[in-house]
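Colleague: Sharing a model prediction with you, sequence too.
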Amino acid sequence: MVLSGLILAVCLVMVCALSLVFGSRSVSPSDILHALSASSDDIAVSAIRLRIPRTVLGLLVGAGLGVAGTLMQGISRNPLADPSILGFNTGAALAIVCSIAFFSLSTPAQYVWVGLLGSATTALVVWAIGSLGPSGPSPLRLTLAGVVISSVLGSLTSAILLPRINVISSYRFWQVGGISGARFDLMMPVLPLLALGLILAFCLTPGINALTLGDQMAEGLGMHVGRVRSLAWLAAILLCASCTALAGPIGFVGLVVPHVARLLIGPDYRRIMALSILIGPLLVVGADVVGRIITRPSDVEVGIVTALIGAPVFVILAGHRRTAEV
Amino acid sequence: MHIRPLLSLTRFKRAIAAILVLASALFFLGACGSSSQAGQSSQSKASEGQGSFPVKIDHVYGTTSIPSKPKRIATVGWATPDNLIALGVVPVSIQKNSFGKTVDGGYLPWTKDALDEMHVAKADMPKLHDESDGIDVEAIAASKPDLIIGLLSGMTKKQYDTLSKIAPTIAYQEVAWGDPWRKVITSTAKAIGEPEKGKQLIADLEERISKAGETQPAIKGKTAAVMYFDASKLSKFSVYTTSDARPQFLNDLGMETPESIKEDSKSTKNFYKEISSEHADRYKDVDIIVTYGTPDLLEAMRKDPLLSKIPAVERGSVVVIDNDSEMANALDPSALSIQKTTDAYAQLLGEAAAKV
């Protein structure tokens, strides 16, 4: 555990360094020094400076999505659970499309709050529907509610988008999911929510460990299943909603990260959670660096790269024996 | 080429041909109750065109043969409806426009004006089909076309195959959405059996453009590029390549293509290329930038640490074409938009050129 954690941490530091050094534009070592110290106004220096918030956002979003995916798979006991399956992304998307189409909002600063609102509202609705019935929220009901709500909201989004080409062109930038336009001033207000979600998630891990044994067993161990599950859901809302608000819907991170952690470290959620917070950023920042390099002078958004890397990884994982041991 | 066999016809055959033309014209009159198209096709020039069919037109998916003079033309994509109308033909079904400024549920302003000037009856106005989610094949089939033209479109092979089952279909010829306007007009004119009219139209438009260019001497010889910036995400932008009609039109107005754009165009067949803003300084050879955008765009570009490194941005020699304006539709020129907007466009370019 300590060893793999250490190795991952070293990798993460290296990827962050790569993220500053390698970009669409090739820069020299002296440019890097200038960017970090003196106040030069050279384009290379400006480019490197813009990569700093971009890398930070990659770290935040990666950590948030990785941990959120772990939480969601834990509380729903569904190895496929991730922000998009449970409706968080589609909710944010619908809210943003409505805001563009009906309220003419157009800046990233506005999208952040609208996306947050849409995501959180959807999560609450999914939770409410998943908790219908005398026995409260069960893993299966939550997943089904998520899938159903997600597809309903998806259709609504298309219905609003289709007749409005102007909206499509604004929306597609957000929808791809990327961290290229990162700005510290946009991140700051969302940061507390993200931090709160992470803290909550780590406090809840022992409970989630118990949940994976089954609701009855967990009750038998003296746990308030309902309370743990709803708090974990709240943490997932905070994490997913803030990440989606900042970077758009980035797929596969929430799905793949817990699986990779599980393969490395086994089924204990305390350990999975601890590794997720390293693997998530590693995946997102790494994918962003790859996206910047492969298509010079263009720039492929991280949401596309994670899907390209994530899909085959997931296929391999799905065929792996240990995937079933959620 | 098509004229030759016509010359060798005997008088007898000519008489039969004439009778056939007349009969078909009469039939068309009776069948449609519309005189606008049939009236034109019964003119003396039309009989010459009629004789030259079948016409063969090459495009990206092969060669399409048009057996006889088309009467009901549906168009897919951009500009072709305008070009047909400028050539005197009213199409039966055209794309519904939802970008820029549109009137009456999806006509471009100058398209509607031209149709009104031709006194097209309400029932004969082109039907609008929606292409925002793929081509609405059913709507096109419902208009019962005998020819479908998509010379300035992004028609896929699959769409081509489907449309070909409805009527002979012409796709784009070289670049999806990007063939030059002269070529599009030439091929459109050929498809309706009026190649001479096409040549005349192009000559008229060229004269129109060069007159507009002459009123703005400052733009002559300046380098200009058409790009796309989005104020809400300035970390990348797009440049339109030399195979796109938009920058070509700037050449028509007397402007040069910057080396940087020529370089970008070498590596792609696409009509545009996406560029990371980290490479903004590649475009220091661009005197004037033309871009679509919102009114706050230039201000946002000037504040951006990377984009402000483009000299044209710094000095403000940027023409921002408002996304919701009529001019936004005119950047990609059609026969009608050229007639209507070239003077205003040249003036905008002239104002930007004054800052160089």
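Modeller: Right, received. Where do you want to start? None of the values given here were measured: they were computed from a predicted structure.
Colleague: show me the contacts for residue 145.
Modeller: Went with chain A since none was named. By Cβ atoms under 8 Å, 6 or more residues apart in numbering or on different chains, the contact set of residue A:145 is A:87, A:126, A:127, A:129, A:130. (Glycine included, C-beta is placed from N, CA and C.)
Colleague: Can you look at chain B instead?
Modeller: Applying Cβ under 8 Å, 6+ apart, the residues near residue B:145 are B:70, B:72, B:73, B:74, B:92, B:93, B:166, B:167.
Colleague: Return the distance of it relative to chain A.
Modeller: 24 Å (Cβ to the nearest Cβ, to the nearest Å).
Colleague: Show the model's pLDDT score for that residue.
Modeller: In this model, residue B:145 is scored at 94, pLDDT.
Colleague: Spell out which residues of chain B are next to chain A.
Modeller: B:98-99, B:130, B:132-133, B:230-236, B:273-276, B:278-282, B:294, B:305-306, B:309, B:323-324 (Cβ under 8 Å from any Cβ of the partner chain).
Colleague: Mark which of those are buried, thanks.
Modeller: Buried members of the residues of chain B next to chain A, scored by 16 or more other Cβ atoms under 10 Å in any protein chain shown, are B:98-99, B:130, B:132, B:230-236, B:273-276, B:278-282, B:294, B:305-306, B:309, B:323.
Colleague: So for residue A:286, what's the pLDDT?
Modeller: Note for residue A:286: predicted pLDDT of 92.
Colleague: Just to check, it is in contact with residue A:15?
Modeller: Yes: between residue A:286 and residue A:15 there is a contact under Cβ atoms under 8 Å: 5.0 Å.
Colleague: Please see if the helix or strand that residue A:53 is a member of touches chain B.
Modeller: Element membership for residue A:53 (DSSP states H and E) is helix A:43-76. Yes: Helix A:43-76 reaches chain B (Cβ under 8 Å from any Cβ) through A:43, A:46, A:47, A:49, A:50.
Colleague: which residues touch the second one?
Modeller: Read it as residue A:46. For residue A:46, the contacting residues are B:305, B:306, B:309, by Cβ under 8 Å, 6+ apart.
Colleague: residue contacts, the first one?
Modeller: Meaning residue B:305. A:46, A:49, A:50.
Colleague: and stretch B:195-212, average pLDDT?
Modeller: 93.
Colleague: ok, for the residue most central in space within chain A, nearest residue in space, not its chain neighbours?
Modeller: Nearest to the geometric centre of chain A sits residue A:65, at 2.6 Å (Cα atoms, centre = their mean). Counting by Cβ to Cβ, 6 or more residues apart in numbering or on different chains, residue A:65 lies nearest to residue A:253, which is 4.1 Å off, once chain neighbours are set aside.
Colleague: For the one you found, give me the pLDDT.
Modeller: pLDDT at residue A:253 comes out at 90.
Colleague: That one reaches residue A:63, doesn't it?
Modeller: No: using Cβ under 8 Å, residue A:253 is not in contact with residue A:63, being 9.9 Å away.
Colleague: Common neighbours of those two, please.
Modeller: With Cβ under 8 Å, 6+ apart as the test, residue A:253 and residue A:63 both reach residue A:280.
Colleague: who has more neighbours, the two?
Modeller: residue A:253 (32 against 26; other Cβ atoms under 10 Å in any protein chain shown).
Colleague: The residue lying closest to residue B:353 once chain neighbours are set aside: neighbouring residues, count only.
Modeller: Using Cβ to Cβ, 6+ apart and skipping residues adjacent in sequence, the residue nearest residue B:353 is residue B:218, 3.9 Å away. As a burial measure, residue B:218 scores 15 neighbours (other Cβ under 10 Å).
Colleague: send the alpha carbons of the helix or strand of chain A with the lowest mean pLDDT over as CSV?
Modeller: Each helix and strand of chain A was given a mean pLDDT (mean pLDDT, DSSP states H and E); the minimum falls on helix A:165-176 at a mean of 75. Extracted C-alpha coordinates of helix A:165-176, given in CSV (Å, rounded to 0.1, in the frame of the first residue of the first chain):
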residue,chain,number,x,y,z
ILE,A,165,-27.8,25.7,-34.0
ASN,A,166,-26.4,28.8,-32.2
VAL,A,167,-26.9,27.0,-28.9
ILE,A,168,-25.2,23.9,-30.2
SER,A,169,-22.1,25.8,-31.1
SER,A,170,-21.8,27.3,-27.6
TYR,A,171,-22.7,24.1,-25.9
ARG,A,172,-20.3,21.8,-27.8
PHE,A,173,-17.3,23.6,-26.2
TRP,A,174,-18.6,22.8,-22.8
GLN,A,175,-19.9,19.3,-23.7
VAL,A,176,-16.5,18.0,-24.9
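Colleague: can you list the weak-confidence ranges in the chain?
Modeller: Using chain A. Counting by pLDDT under 70, chain A shows low-confidence ranges at A:38, A:165, A:314, A:317-318, A:320-326.
Colleague: Chain B, not that one
Modeller: Residues of chain B meeting the criterion pLDDT under 70: B:1-51.
Colleague: Work out which residue lies at the spatial centre of it.
Modeller: Centre-most residue of chain B, counting by Cα atoms, centre = their mean: residue B:79, 3.0 Å.
Colleague: so what's it up against?
Modeller: B:151, B:152, B:181, B:184, B:332, B:333, B:334, B:335.
Colleague: re the thing from before, next one: the residue nearest to residue A:65 relative to chain B, how far apart?
Modeller: Residue A:253 sits 20 Å away from chain B, taking Cβ to the nearest Cβ as the criterion.
Colleague: Tell me which stretches of the chain form strands.
Modeller: In the absence of a named chain, this looks at chain A. Per DSSP state E, chain A carries no strands over any range.
Colleague: please go with chain B instead
Modeller: Counting by DSSP E, the strands of chain B are B:55-59, B:62-66, B:73-75, B:93-95, B:127-129, B:147-149, B:169-170, B:224-230, B:233-240, B:272-276, B:288-293, B:318-322.
Colleague: quick one: buried residues of stretch B:301-315?
Modeller: B:301, B:304, B:305, B:306, B:307, B:308, B:309, B:310, B:311, B:312, B:313.
Colleague: Around the closest residue to residue B:141 other than its chain neighbours, count how many other residues there are.
Modeller: By the measure of Cβ to Cβ, 6+ apart, the closest residue to residue B:141 outside its immediate chain neighbours is residue B:166, 4.9 Å from it. Other residues near residue B:166 number 19, with proximity taken as other Cβ under 10 Å.
Colleague: list the contacts for residue B:166?
Modeller: Contact analysis of residue B:166 by Cβ under 8 Å, 6+ apart lists B:137, B:140, B:141, B:145, B:148.
Colleague: and which of those residues is nearest to chain A?
Modeller: Closest to chain A out of those is residue B:137 (16.2 Å), distances taken as Cβ to the nearest Cβ.
Colleague: quick one: residue A:82 and residue A:258, what's the gap?
Modeller: Distance of residue A:82 to residue A:258, computed by Cβ to Cβ, to the nearest Å: 9 Å.
Colleague: more crowded one of those two?
Modeller: residue A:258 (29 against 26).
Colleague: Grab the nearest non-local neighbour of that one.
Modeller: residue A:70 (4.2 Å).
Colleague: Kindly report the same for residue B:68.
Modeller: Excluding its sequence neighbours, the residue lying closest to residue B:68 (Cβ to Cβ, 6+ apart) is residue B:53, at 4.9 Å.
Colleague: try residue A:233
Modeller: residue A:127 (5.5 Å).
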